[in-house]
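Trainee: Would you be able to build a 3D model of this:
(4 chains, ligands or ions: 2)
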Amino acid sequence: MIQATQEIRSGWCVVGVTGRADGECADALEAVLRAAVEANAKVAADFSALDYISSAGIRAVLQAARAAEGSRREFAVCSLSPPVKKVFDMSGLHHILRIHGELPC
Amino acid sequence: MIQATQEIRSGWCVVGVTGRADGECADALEAVLRAAVEANAKVAADFSALDYISSAGIRAVLQAARAAEGSRREFAVCSLSPPVKKVFDMSGLHHILRIHGELPC
Amino acid sequence: MLRVRLCHNRHLSQLSFTLNGDLAELAHMMTEVERFCAAQGLMGDPQFQLTLAIDELFTNAVRHGGCKGVAAAVEIRLDAADGAVRVEFRDRGTPFDPLTVPPPDLKAPLEERAKGGLGVHFVRQIMQNLQYDRCGEWNRLTMELPT
Amino acid sequence: MLRVRLCHNRHLSQLSFTLNGDLAELAHMMTEVERFCAAQGLMGDPQFQLTLAIDELFTNAVRHGGCKGVAAAVEIRLDAADGAVRVEFRDRGTPFDPLTVPPPDLKAPLEERAKGGLGVHFVRQIMQNLQYDRCGEWNRLTMELPT
Ligand SMILES: Nc1ncnc2c1ncn2[C@@H]1O[C@H](COP(=O)(O)OP(=O)(O)O)[C@@H](O)[C@H]1O
Ligand SMILES: Nc1ncnc2c1ncn2[C@@H]1O[C@H](COP(=O)(O)OP(=O)(O)O)[C@@H](O)[C@H]1O
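Mentor: Numbering: from 1, shown residues only, chains lettered A, B, ... in the order given. Ligands and ions are numbered 1, 2, ... in the order given. Next up is the predicted model:
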């Protein structure tokens, strides 16, 4: 189960993601993030309510980041819970993904 | 679970056995049959209500038969249900055990 | 004490259960096999034979294999295939291949026969395509009962 | 659809469950791991890591191993040992040893990284003493999570 909300705040499109980003839900996550990236110049994924992420979820985030790069959008991943942060750490994504401790807005 | 009854009929001690003669219950079966063999000149094990027997149950019967042979008692196994009969058949016991279709009394 | 649970799909064409190294588990094994056979329309003879083969292997694992007192020492999986029930029997006992057990001497005298030695013989009489391998800490025996 | 059942002893120091080849089973896997970890006082990090490692292996078996649509394609066993959780992961997929997967290039550019290739890496980061063998029709991976 994964759920997403969308909100515009001081120029950023904030996508709030709740639930689990696993192999079952990764496609849904990717679609939501891609749609936000297509429609907005600056997108922040708010992962504060994301309980869980697997490599499939990481892949979905990277695909969205790639789409953002391709269309010169800003894309940031924000407010990771400690366990989700660890998965990003294991993935070694620091130098290719903007990971923020807090939302930029 | 195994249960036994004992009854004297025209000179035979008839031991009626109910339940399962498996590895859990084989010692109990052996004890009951041995006790009957020690106390009576002719013992018939009535297996008509025996639902199940494994090699452990067969072994218990053979131990009782051995005790009977040692003390020159008569010992017969009677009224096997078809599936229990098949297990005796697989064991090849025809020439060393008296197996009766019906009780001798 | 109940330590057996079943894992099955909609049609119960597959069932897995775990047994502790305790002969009191035989009753639960029988209940599981019964449930599987009822769902597969295999009551009567096939159920009896399946029960007997698994009983003998389980009893040996507890008696001879060192599984006595070991929690969840045995895992059994039943699969209904076309015209057969496939059985996987796994135990965490000492490495032992039952296929190496020589057949019993069915003509030996009573004294000899009363020592036992029929369990593996029953399994081989009942089941087909027996295959043994040692997988890590498990003895693993697969076999089929034609139905 | 629920196809997962647990097998446990009194203290839930051991649990076995079976999963169909369907990613919707991930939710049930997580429930089972949670239950095991709750009983063992391993909530929080160990539970997350155990879940992640099993998730990756299961997802691979379904995605790459041909387990998709196969009933009871995966069997998982968890044992609480001294200072570790022992995991046995078995799947009926095509023979595949995950230990042969080379580590990912963590410095590759985004385009490359977005293709995936992190699953086995996570398993190896999290778990210790990984051992693979092929047992009959099963891939079998054993490993430990230090606790
Ligand atoms: N799981 C096992 N582990 C070790 N040894 C075994 C195992 N199963 C059987 N055996 C050996 O094989 C012998 C024959 O077994 P079986 O035919 O079942 O007869 P029984 O158990 O009555 O001796 C046993 O006596 C034992 O020495
Ligand atoms: N169970 C499996 N069966 C067959 N191939 C597998 C299996 N698991 C992994 N693989 C192969 O190993 C590769 C790496 O797997 P993994 O690290 O999980 O990354 P990903 O699944 O994202 O590709 C897969 O792309 C696949 O080719």
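Trainee: in the chain, which spans are strands?
Mentor: All of this is about chain A. A:2-9, A:12-21, A:42-53, A:74-78, A:98-100 (DSSP state E).
Trainee: Actually, chain C is the one I wanted.
Mentor: Using DSSP E, the strands of chain C run over C:7-8, C:14-19, C:74-81, C:84-91, C:128-135, C:138-146.
Trainee: Of those, flag the one that's most buried.
Mentor: strand C:14-19 (a mean of 25; mean count of other Cβ atoms under 10 Å in any protein chain shown). The C-beta positions use only the backbone N, C-alpha and C, and glycine is treated the same way.
Trainee: May I ask you to name the longest helix in chain A?
Mentor: Ranked by number of residues, the top helix in chain A under DSSP state H is helix A:55-70.
Trainee: Report the central residue of chain C.
Mentor: residue C:54 (2.0 Å; Cα atoms, centre = their mean).
Trainee: what sits against it?
Mentor: C:29, C:33, C:76, C:87, C:89 (Cβ atoms under 8 Å, 6 or more residues apart in numbering or on different chains).
Trainee: Spatially nearest residue to the second one, not counting backbone neighbours?
Mentor: Same thing as residue C:33. residue C:51 (5.0 Å; Cβ to Cβ, 6 or more residues apart in numbering or on different chains).
Trainee: Columns mean pLDDT and distance to residue C:95 on top of the strands of chain A, output as CSV?
Mentor: Listed next are those as CSV, based on pLDDT from 0 to 100; distance: least, Cβ to Cβ, whole Å:
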stretch, mean pLDDT, distance to residue C:95
strand A:2-9, 94, 46
strand A:12-21, 96, 41
strand A:42-53, 97, 40
strand A:74-78, 97, 51
strand A:98-100, 91, 50
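Trainee: now those as CSV including mean neighbour count and distance to residue D:142?
Mentor: Below are the strands of chain A laid out as CSV (neighbours: other Cβ atoms under 10 Å in any protein chain shown; distance: least, Cβ to Cβ, whole Å):
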stretch, mean neighbour count, distance to residue D:142
strand A:2-9, 14, 31
strand A:12-21, 21, 26
strand A:42-53, 22, 24
strand A:74-78, 21, 35
strand A:98-100, 16, 34
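Trainee: which residues does the closest residue to residue A:60 other than its chain neighbours contact?
Mentor: Closest residue to residue A:60 apart from its sequence neighbours, by Cβ to Cβ, 6+ apart: residue A:30 at 3.8 Å. Counting by Cβ under 8 Å, 6+ apart, residue A:30 touches A:59-60, A:63-64.
Trainee: end-to-end on stretch C:98-113?
Mentor: 19 Å (Cα to Cα, to the nearest Å).
Trainee: Need the residues that contact it.
Mentor: Contacts of stretch C:98-113 (Cβ under 8 Å, 6+ apart): B:62, B:65-66, B:69, B:91-93, B:95-97, C:57, C:60, C:117-118, C:120-121, C:123-124, C:130, C:132, C:141.
Trainee: returning to that earlier point: what's the closest of the contacts of residue C:54 to chain D?
Mentor: Checking the contacts of residue C:54 against chain D by Cβ to the nearest Cβ gives residue C:76 as the nearest, at 10.4 Å.
Trainee: residues contacting the closest one?
Mentor: Counted by Cβ under 8 Å, 6+ apart, residue C:76 has contacts C:16-19, C:29, C:32, C:54, C:58, C:87-90.
Trainee: Could you list which of those residues also contact ligand 1?
Mentor: Applying Cβ under 6 Å from any ligand atom, the subset of these adjacent to ligand 1 is empty.
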